[in-house]
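J.: Here is my input; please provide its structure:
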Amino acid sequence: MLIETVNIVLLALLAVTAIAAVRLHDLFAVAMMFSIYSLLAAAMFVLLDAVDVAFTEAAVGVGISTVLMLGTIGLVGRHEQPSTRRSLLPLAVVIATGAALIYGTLDMPFFGDPTAPVHQHVAPFYITGSPSQTGVPNVVTSILASYRGYDTLGELAVIFTAGVGVLALLGLRRRKRPGKEETTK
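T.: Predicted structure coming up:
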């Protein structure tokens, strides 16, 4: 009962934070709301026993993303430009996507159901075979490092590429040192 209550409270806080981020016009406050949202999402992942995902969310969502958003605010200014018109298309896209996601979860097994297919085939294989096959006593570490090593490497490549893309978008230029002038040929 306590875990369900904590999950409901976290979900409500996530919804409130997301709505606040959309409604605010001060970009600094929006960046802070997104940082709080990522922190709450990391807490939710910890409650779901996905500590590795929570760690990644905390590092990327709370850490790197917040720093990049604050750097962007330093370049573009703190306040949002007022919109001249309101479009219902973004709202329609969000509602359609949310409905499709909810529809996709209707045939999923219940959370923690011991008769779910994942608990019948995949989980017993990893629990019984991973210590002898990989030599790593921790099952989660053996799955992430050995069985899903290429997947983890791919995730790191995506994060690195996103960081390089953000830096390219920010247009970081070399600053001229005082006393040194460029010579044109």
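J.: Let me see the backbone angles for residue 26.
T.: Note on residue 26: its backbone torsions stand at phi -80, psi 110 [degrees, to the nearest 10].
J.: Touching stretch 39-55 from outside, list them.
T.: If you take Cβ atoms under 8 Å, 6 or more residues apart in numbering as the criterion, stretch 39-55 is touched by 3, 6-7, 10-11, 13-14, 17, 57-58, 61-62, 140, 144. No exception for glycine: its C-beta is placed from N, CA and C like everyone else's.
J.: Let me fix that, I meant to ask about stretch 92-109.
T.: With Cβ under 8 Å, 6+ apart as the criterion, stretch 92-109 contacts 115-117.
J.: 10 Å instead?
T.: With Cβ atoms under 10 Å, 6 or more residues apart in numbering as the test, stretch 92-109 has contacts from 88, 115-119.
J.: Identify those among these that sit within helices.
T.: 117-119 (DSSP state H).
J.: By neighbour count, which of the residues you listed wins?
T.: Counting neighbours by other Cβ atoms under 10 Å, the top entry in those is residue 119, with 13 neighbours.
J.: For it, give me its contacts.
T.: Neighbouring residues of residue 119 by Cβ under 10 Å, 6+ apart: 109, 112-113.
J.: Likewise for residue 33?
T.: Residue 33 is in contact with 16-24, 26, counting by Cβ under 10 Å, 6+ apart.
J.: Surely it is within a helix?
T.: Yes. Judged by DSSP: H, G, I helix; E, B strand; the rest coil, residue 33 forms part of a helix.
J.: Spatially nearest residue to it, not counting backbone neighbours?
T.: residue 21 (3.8 Å; Cβ to Cβ, 6 or more residues apart in numbering).
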